[in-house]
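Enquirer: I'll drop the sequence and a predicted model, then ask my questions.
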Amino acid sequence: MITSKLSELINGALDVEVNVIQSNRPDLCDYQIDAAFKLAKELHKSPFEIANDIVEKINSIENINDIFSKIEVVNGFINLTLTDKFINEMIRLMNDSDKYGILPDNKKVVMDYGGPNIAKPLHVGHLRTAIIGEAIKRILRFKGNEVIADVHLGDFGLQIGEVIYAIQHDGKSDEEITLEYLNEAYPRMSGICKENEDIKHECEDITKRMQDGEPELIRLCDIITEVSLGDIKELYNILDVSFDLWESERSAYVYIPELEKLLNEKGLIHESQGAMVIDVAEESDTKEIPPMIFQKSNKAYLYGTTDMATIYDRENKYHPDYMIYITDDRQSMHFTQVFRASLKAGITDTIFEHKSYGTVNGPDGKPFKTRAGNAPSLRELLNETKDIFVSKKEDNKDMSEEDLNKIVNSIIKFADLQNNMSNDYIFDINKFSNTSGKTGPYMQYTVLRLKKILDSETINNSLTDTIYNETDRNIRLKLLELSSAVDKAYETRMPSYLVDYIYGLANEANNFYQNNHIAGLEDETKKNDWLYILNITVNILTDMLNLIGIEIPSYM
RNA sequence: GACUGGGUAGCUCAGCUGGAUAGAGCACUCGCCUUCUAAGCGAAUGGUCAAGGGUUCGAAUCCCUUCCCGGUCACCA
C-alpha cells in the first residue's frame, strides 16, 4: 500500500516510471528508488545525473516536505526518509480502515486440502497440507474471497481394498476393526502387495467390487470410515483446521456416469493397453505426459477419475473462479493430467492451481515411507510436544488444556510455516521442543506482554504526529509494511511471507517493550501515543497469527 | 535417460521477478531482572552463497557446464 502510494505520487511528477521499494539499507533511508541505473542506458546519461533529475522533480511536488524529511542521492540510489508526520498519518489510516486498509479481492475459490486416507490414522505427513491449506484459506478469506474448503477424503481406492482383504483374511469381527488395527494392517498390506502379485490382484478385485457396490464390502468400508473419521475429525479439531465440505472419492462416484457420458460424446476417451484413457499431452511439453487413466483395465476407477468427477460437481454447484489444491509435490503429474483433462473436456473454465509443498523427510533426509508405516503418528507428535512444553517450566503444569493446545499448535504451525513451503523439510522432534527465538510461543508471549500493558490503561483513539525515539520509529515503520506482506502471501499463496512479517513485527514490538516503559509515564500525550501504537500492534499480531492458525493463550 | 526441486554460518532454514555491507533462529561466549512477564533485549563469534565460466555498472539471485542429494516418469494415493 505504502510503496504503491509513494510510487504513484512520485510518478505523477516524472516522465519516466519508477518504483519505490522498501529500503535494504535501513541505516540510510526508509524507502528507495534504484531506477537510475536501468534508465542510464536508455537515456544515455549517468545514473547519478538521472537520479539527481528525479530528485529535483520529486522536490517540486507540492507539500513534498510533509512526506519526506530527506531525499538524497547516494551512489546513484535515491534514498527516501519519511517524515514522522507522514508515518503517523499512514498508521491512523490503517487503524481507521477495515482490514487495515488492505484491499479485498472478492473471488470465489474452492480449496482442496487435507485429503486424509481413511485406511490409516493421520501421521506427520498429513500435517503440512492441513497447516498450509488452513493458512492459505484464512489468508484468502481475509482478502475478501469466498472460500469453500473441502477435506476430500481418500476413502474408496485400493488402500481400502487392501485393508478389507486384511480384515477378511485375519478373520476380524466388526468390533475388532479398531484404529490400532488399521494402523498395523495398512502398512502390512502395502508391503505384501508390493511383494505378492496374486494378493495385489485380489485386493484390486475387492476394490473394484466395492466400487460396484457389493453390500458386504460397502458395509466394511463404512465401518473403516466410521472408525477412522472420528479420529481424523478430533485431530483436525485439535489443530484448529476446519472444512466446509467433507466430500471424498466415494462421494464423487455418483457423477462418474454423467462425466463418462459427456467424455464419450466428445470422443475424448479411448482404449489403450486395456485401460480407458484421456490423452493430455501437448505439443509444447518438454517431457512426456502420459494419458490420464479414466478406467483401469479391470474396470475399476482411480483417483484421477474421482478428482475429475469432483471438479465436475464443484463447477456445477459453485462455479468457482479458482480451484486450489494443496498437496505434496509428488502429485504434480497427477494434477497436470486431471487439470488438462478437465479443461479439455470443458467441464469447467476455472483457474486451477496446484500449490505443492515439499516432502516431509525423516532425519535421514529421505521421505517417510508411509506405506512402511514408520512415520510418527500425528497424535504422538502432539502429545510429545505438549509433554516437552509442560516440562519446561514449573507453572506450565497448571495451564488449562485449552491454553496448552494453543501453544502446541503454535509450536508446530510456526515451525512449519516459516519455511518456504515448496522446499522439503526434515522432520525433527527437537524442532518442536524449542520455545524461544523464532517460534510460535515467542509470538504468543509477545502479544501477551503487550496486552498486559493495554489491559490496565485506557486507549485514546488518537495519535499525534510525534515519534519519540528509534525503537518507537522502527515499530511504526514496520506497521506500514503490513499490506505488502499480506498481499505477497496472498498472491503467491505462500504463508511464509506473512510469517516473516509477523516475526519482524513481534521483534520490533519486543524491542520497543524493552526500551520504553509506559507504566508511570507522566507525559500523557506520549503515553497515549504509545498505547495507540501498542494497541494496533496487538491487533495486527493477533489477526495475522489467526490467519496462520495460531491463537493467543490466556497466560504463559 | 527425460523432466523437476534442492546444495547459503557448526545445525535448521530465510533471501532467489538482479542492487549498496549476506539474514534469522538454535548452539557457543559475554552483558542486562528492586522498573508494564528474562519464553525477553543487547553485544561478540561464525560465510570463497557446491565448483567453474558467462551476461551486467552491479550476481546468492539470470544463462551455460560440471559435481553431489531428492522427487516424478499410465493402471497407488
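Expert: Sure, I can see it. Small disclaimer: the values here were computed from a predicted structure and weren't measured. Residues are numbered from 1 along each chain as shown, chains lettered A, B, ... in the order given.
Enquirer: return the set of buried residues in whichever strand or helix holds A:Gln168.
Expert: If you go by DSSP states H and E, A:Gln168 is part of helix A:158-170. Using 16 or more other C-beta atoms under 10 Å as the test for burial, helix A:158-170 gives A:Leu158, A:Gln159, A:Ile160, A:Gly161, A:Glu162, A:Val163, A:Ile164, A:Tyr165, A:Ala166, A:Ile167. In this view, the C-beta of every residue, glycine as well, is placed from N, C-alpha and C.
Enquirer: pLDDT wise, what is the residue nearest to the fifth one when sequence neighbours are not counted at?
Expert: Nearest in space to A:Glu162, with sequence neighbours left out and distances taken as C-beta to C-beta, 6 or more residues apart in numbering, is A:Met189 at 3.9 Å. Reading off the per-residue confidence, A:Met189 sits at a pLDDT of 92.
Enquirer: report how many residues lie close to A:Met189.
Expert: A total of 24 residues lie near A:Met189 under the criterion other C-beta atoms under 10 Å.
Enquirer: what's near enough to touch it?
Expert: A:Glu162, A:Val163, A:Tyr165, A:Ala166, A:Cys203 (C-beta atoms under 8 Å, 6 or more residues apart in numbering).
Enquirer: swap in A:Lys526?
Expert: So A:Lys526 contacts A:Thr466, A:Tyr468 (C-beta under 8 Å, 6+ apart).
Enquirer: please identify which helix or strand holds it.
Expert: Judged by DSSP H and E, A:Lys526 forms part of helix A:524-547.
Enquirer: next, the buried residues of that helix.
Expert: For helix A:524-547, by 16+ other C-beta under 10 Å, it's A:526-538, A:540-545, A:547.
Enquirer: next one: it to chain centre, how far?
Expert: Taking C-alpha atoms, centre = their mean, to the nearest Å, one finds helix A:524-547 lying 25 Å from the centre of the chain it belongs to.
Enquirer: using CSV, write down the CA coordinates of that helix.
Expert: Written as CSV, here are the backbone C-alpha positions of helix A:524-547 (Å, rounded to 0.1, in the frame of the first residue of the first chain):
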residue,chain,number,x,y,z
GLU,A,524,0.1,12.0,28.9
THR,A,525,0.5,12.7,25.2
LYS,A,526,3.4,10.4,24.8
LYS,A,527,1.6,7.7,26.9
ASN,A,528,-1.5,8.0,24.7
ASP,A,529,0.6,7.7,21.5
TRP,A,530,2.4,4.7,22.7
LEU,A,531,-0.8,3.0,23.9
TYR,A,532,-2.2,3.7,20.4
ILE,A,533,0.8,2.1,18.8
LEU,A,534,0.8,-0.9,21.1
ASN,A,535,-2.9,-1.4,20.5
ILE,A,536,-2.7,-1.5,16.8
THR,A,537,0.4,-3.8,17.1
VAL,A,538,-1.5,-6.2,19.3
ASN,A,539,-4.5,-6.2,16.9
ILE,A,540,-2.3,-6.8,13.9
LEU,A,541,-0.3,-9.5,15.5
THR,A,542,-3.4,-11.2,16.8
ASP,A,543,-5.2,-11.0,13.5
MET,A,544,-2.2,-12.2,11.5
LEU,A,545,-1.4,-15.0,13.8
ASN,A,546,-5.0,-16.0,13.4
LEU,A,547,-4.5,-16.2,9.7
